[in-house]
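Participant: for reference, the sequence and a predicted model appear below.
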Amino acid sequence: MKWVPKQKLDQMSAGGVHQGVVLAITPYQYLSLEELMEQTKSQPFFVLLDHIEDPHNFGSILRTADASGVDGVIIPKHRACGITPTVVKTSTGAVEYVPIARVTNLTQAVTKLKEKGFWIFGTDIDGTSYQNWDASGAIGLIIGNEGHGMNTALKKQVDEMLTVPMTGHVQSLNASVASGILMYEAFVKRNE
């Protein structure tokens, strides 16, 4: 613990409200895909985030992943949100419990998962209703970008597309809401 002038605390907190206390920590240590696969059980459930950009969505997804028993989250290194103070705060600490792997290329990561026997599921407006999803075994669930959905190359690799049926005028859900519905469906089906 160090006592420092108020100006130093103001600088460290980028002008935020610090109430006289600031904690400095080392940067988040991501896992590699190989490290993630080594530390999980034999039938893992991974969530792959296809270029999620909003830190509030990412934090909410991590919070739900922790609550629903997801074994790991996989994110790309570029053009996507990483672990930030906003993600940590929104996740309410789940970032400390959900293993996160960061990969250079999600398409290559999916190929490696499939080589290890994973079934890969994508999310789209057109697909099988999530209620009919067979979520058993080693599975990966891809959640698409908030504005563009899933990358075309990733869509070609999925074993099955899942959808959440909707009757309203808006034909898409927030990424964290859609992922929450699907993670809990998998949780229920994997624990029946």
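Facilitator: Received, thanks.

Participant: any weak-confidence spans in the protein?
Facilitator: Scanning the chain for pLDDT under 70 picks out the ranges 171.

Participant: could you check how far the closest residue to Ala67 other than its chain neighbours is from Ala186?
Facilitator: Excluding the flanking residues, the one nearest Ala67 by Cβ to Cβ, 6 or more residues apart in numbering is Ala94, at 7.7 Å. Where C-beta positions appear, they are placed from N, C-alpha and C, glycine not excepted. Look at Ala94 and Ala186: by Cβ to Cβ, to the nearest Å, they are 17 Å apart.

Participant: longest strand anywhere in this protein?
Facilitator: Counting residues, the longest strand found in the chain (DSSP state E) is strand 119-129.

Participant: so the next helix or strand after that one versus strand 119-129, what angle?
Facilitator: Per DSSP states H and E, strand 119-129 leads on to strand 139-143 as the next helix or strand towards the C-terminus. The directions of strand 139-143 and strand 119-129 differ by 60 degrees, with axes from the mean of the first three to the mean of the last three Cα atoms, to 10 degrees as the criterion.

Participant: end to end on stretch 162-173, go ahead and measure it.
Facilitator: Length of stretch 162-173, first residue to last, Cα to Cα, to the nearest Å: 13 Å.

Participant: how about that stretch: buried residues?
Facilitator: Burial within stretch 162-173, assessed by neighbour count using 16 or more other Cβ atoms under 10 Å, is assigned to Leu162, Thr163, Val164, Ser172.

Participant: now the longest strand of the chain: how far from the chain's centre is it?
Facilitator: The gap between where strand 119-129 is centred and where its chain is centred comes out at 16 Å by Cα atoms, centre = their mean, to the nearest Å.

Participant: from the contact counts, what lies against it?
Facilitator: helix 106-115, strand 139-143, helix 152-155, strand 160-163, helix 175-190 (3 or more Cβ pairs under 8 Å, 6 or more residues apart in numbering; DSSP states H and E).

Participant: ok, it: who's next to it in the sheet?
Facilitator: Strand 119-129 has its sheet partners listed here by DSSP bridges as strand 139-143 (parallel), strand 160-163 (parallel).

Participant: can you list those strands in TSV and add distance to Pro99?
Facilitator: Converted to TSV, the strands paired with strand 119-129 look like this (distance: least, Cβ to Cβ, whole Å):
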stretch	distance to Pro99
strand 139-143	14
strand 160-163	23
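
Participant: which one of those strands lies closest to Lys112?
Facilitator: strand 139-143 (10.3 Å; Cβ to Cβ).

Participant: buried stuff in that closest one?
Facilitator: Quick answer for strand 139-143 (16+ other Cβ under 10 Å): Ile139, Gly140, Leu141, Ile142, Ile143.

Participant: so which of the buried residues of stretch 162-173 is the closest to Ala135?
Facilitator: Distances from Ala135 to these, taken as Cβ to Cβ, are shortest for Leu162 (9.5 Å).

Participant: got a list of what that closest one touches?
Facilitator: Applying Cβ atoms under 8 Å, 6 or more residues apart in numbering to Leu162 gives the contacts Phe121, Gly122, Thr123, Asp124, Gly127, Thr128, Ser129, Tyr130, Trp133, Leu141, Leu182.
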